[in-house]
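**Q** Provided below are the primary sequence and the corresponding predicted coordinates.
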Amino acid sequence: MVFILDAMKFPEGFLWGTATAAFQIEMGRGEVDPNSDWYVWAHDEDNIRNGLVSGDLPENGPGFWELYPEDLKRAKEELGNNAFRMSIDWSRIFPDPTWDVPVEVTFDPDGNICHVEVSEESMRLLERRAHQSSVQRYREILEECRRLGLTVLLTLYHWPLPLWIHDPIACRDDVFHATRRGWIDQSTVIEFSKYAAFIAKTFGDLVDVYATINEPMVVSGAGYLNKKSGFPPGLENIDLFIRVSKNLAIAHGIAYEQVKRWDRVSSSNYGPAYVGIVHCPQYYEPHDKDSKDDVEAASFVEYIQNEWFLNMVLKGDFDLNIDRIIDRDEQRPNLAKGCDFIGINYYMRNRIKAAESKIPGFPGFEIVPCTENCTDMGWEIYPWGLRYELNWAYKLYRRPLMVTENGIADAKDEKRSDFLLSHIREIYKAITEDGVPVKGYFHWSLIDNFEWARGFKMKFGLYKVNYETKERTPTKAVQVYKQIATASLH
């Protein structure tokens, strides 16, 4: 395969990588982690029987926990990458509670957490409490990345919560009487601050680039507004959705402060700590552009999915009644701590059609199913939408950007190469023609993995995985990506 790449010269230092998540790739070889909400959720018999989850089990996964040396070698040598996005699972580091580790918490007059002070003594307690074999394995993975010359983008929270923080089955069955309610409760923000401080202190000599939270709007939206998504805790409650979203926005700011304080060592040009958040703005348009109802529905969905959360994080605008008007009492600049870059996860175009409202005061809508140019997930391939979202995010928030996920479920390996090339071309145009400061591209994903409620059926990997033997087989897109990355880096 030969592609005309000479015209695409990306900025010096551009990061070329793949994106992964701990829970989706680690298990399958080595130590199983049964201590997270997602592990329990995926195993729950009622969830499986009701079709909320696939019945596939994460412990049968790709086995990155032991096979990471060969996977990272592939990323470096076969893909020509200079970066790697990975996450650490909170439940592997702290399988047991950290409630009793003392910290000083400051609240604003409205009862919102605005600062958490982790002392040196509390850090020593956290270091003693941490699961040492997990700490050691993550250090080995990060050291191998450094040895290979892969700059790590480390995600602190990519969805699983420790069971001692969130019991998803108890919340699914009776959330108002459950005691471990995850992001519903502010106490989770406090515990997340301890975890973030520990990660920054422990791995700061190997990591400079951090994402605090991956796709917070999926955590709140899929978990608390869309039961059919198969995400824990499987509720549909607008008040809980708003509450969880708010707590996640505050959690980002508190974690941002912790990483900035505790990572004191530079290991790259980004050092010592370059901290952002990963968001998932997709391209939305009305199904019928001549229909006022469709136009209004699409505008509402675009606001709530793309803009609403980032406004909290970057502007301190907490539009908690979602009326698209920021009243004086919704301005909380003290809660907007900082965000050095925005990670953009882009996959698809969604066509929005007006429908009967299920929530009083909010426009009703439905997503029109994809009928052509679709991925195996049923998502419409629309490369130009990525350029649009990059321009949108930079214009509104004036932060450097990274494309932190972009990929395709394509079991037949028929569309992946073109998907990769066409989206990278749109990034190039955003940089060179539009002046958008995009600092990197991370393709989702390096290897096939556990696609949450959908299990192993969805094949996102640049490398196919045989889940019986754990053998990796390159897709046709491997050579395409290597040509792009190596042409840019030399």
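**A** Received the coordinates, thanks.
**Q** phi first, then psi, for Gly231.
**A** Small correction: residue 231 is Phe, not Gly. Backbone geometry at Phe231, expressed as degrees, to the nearest 10, gives phi -100, psi 140.
**Q** mind checking how far it is from Arg454?
**A** Distance of Phe231 to Arg454, given as CB to CB, to the nearest Å: 11 Å. All C-beta spots, glycine's among them, are computed from the backbone N, C-alpha and C.
**Q** likewise for Asn214?
**A** Per CB to CB, Asn214 is found 17 Å from Arg454.
**Q** higher neighbour count, those two?
**A** Between Asn214 and Arg454, counting by other CB atoms under 10 Å, Asn214 is the more crowded of the two (24 against 15).
**Q** test of understanding: give the bridge partners of the more buried one.
**A** Judged by DSSP bridges, the bridge partners of Asn214 are Val278.
**Q** strands of the stretch 151-300 of the chain, residue ranges please.
**A** 151-157, 209-214, 274-279, 283-286 (DSSP state E, counting those that start in this stretch).
**Q** can I get the ones you listed in CSV with mean pLDDT?
**A** Putting these into CSV (pLDDT from 0 to 100) gives the following:
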stretch, mean pLDDT
strand 151-157, 99
strand 209-214, 98
strand 274-279, 98
strand 283-286, 98
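**Q** now do the helices in the stretch 351-490 of the chain.
**A** For the stretch 351-490 of the chain, applying DSSP state H, counting those that start in this stretch gives helices covering 384-397, 416-432, 477-489.
**Q** wait, I meant the stretch 151-300 of the chain
**A** Going by DSSP H, counting those that start in this stretch, the stretch 151-300 of the chain shows helices at 168-174, 187-203, 216-224, 238-262, 292-302.
**Q** reformat those helices as a markdown table; add mean pLDDT, distance to Arg351 and mean neighbour count.
**A** Shown next, in a markdown table, are those (pLDDT from 0 to 100; distance: least, CB to CB, whole Å; neighbours: other CB atoms under 10 Å):
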| stretch | mean pLDDT | distance to Arg351 | mean neighbour count |
| --- | --- | --- | --- |
| helix 168-174 | 98 | 31 | 18 |
| helix 187-203 | 98 | 36 | 23 |
| helix 216-224 | 98 | 18 | 23 |
| helix 238-262 | 98 | 23 | 22 |
| helix 292-302 | 97 | 8 | 18 |
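**Q** turn those helices into CSV, columns for distance to Pro97.
**A** Supplementary listing: the helices of the stretch 151-300 of the chain in CSV, determined by distance: least, CB to CB, whole Å:
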stretch, distance to Pro97
helix 168-174, 16
helix 187-203, 8
helix 216-224, 21
helix 238-262, 18
helix 292-302, 38
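**Q** out of these, which is closest to Val313?
**A** helix 238-262 (5.2 Å; CB to CB).
**Q** and the gap between the most centrally placed residue in the chain and Val152?
**A** With distances taken as CA atoms, centre = their mean, Asn214 lies nearest the centre of the chain, 2.3 Å away. Noted for Asn214: a distance of 15 Å to Val152, by CB to CB.
**Q** low pLDDT regions in the chain?
**A** Where the chain drops to pLDDT under 70, the residues are 1-7, 490.
**Q** can you count the residues close to Pro97?
**A** 14.
**Q** and it, what is it in contact with?
**A** For Pro97, the contacting residues are Pro162, Trp164, by CB atoms under 8 Å, 6 or more residues apart in numbering.
**Q** nearest spatial neighbour of Ser422, chain-adjacent residues omitted?
**A** Closest residue to Ser422 apart from its sequence neighbours, by CB to CB, 6 or more residues apart in numbering: Pro383 at 4.1 Å.
**Q** surely that neighbour is in contact with His423?
**A** Yes. The criterion here is CB atoms under 8 Å, and Pro383 meets it with His423 at 4.8 Å.
**Q** more crowded one of these two?
**A** Higher neighbour count among Pro383 and His423: His423, with 25 against 21, using other CB under 10 Å.
**Q** distance check, the more buried one against Val480.
**A** From His423 to Val480 the distance is 12 Å (CB to CB).
**Q** same deal with Tyr347?
**A** Tyr347 sits 18 Å away from Val480, going by CB to CB.
**Q** give me the nearest residue to Tyr394, chain neighbours excluded.
**A** Leaving aside its sequence neighbours, Tyr394 sits nearest to Val436 (CB to CB, 6+ apart; 4.7 Å).
**Q** so that neighbour touches Tyr388, yeah?
**A** No. Applying CB under 8 Å, one finds Val436 not in contact with Tyr388, separated by 10.7 Å.
**Q** which residue lies closest in space to Leu420, excluding its sequence neighbours?
**A** The nearest residue in space to Leu420 (CB to CB, 6+ apart) is Ala477, at 5.2 Å.
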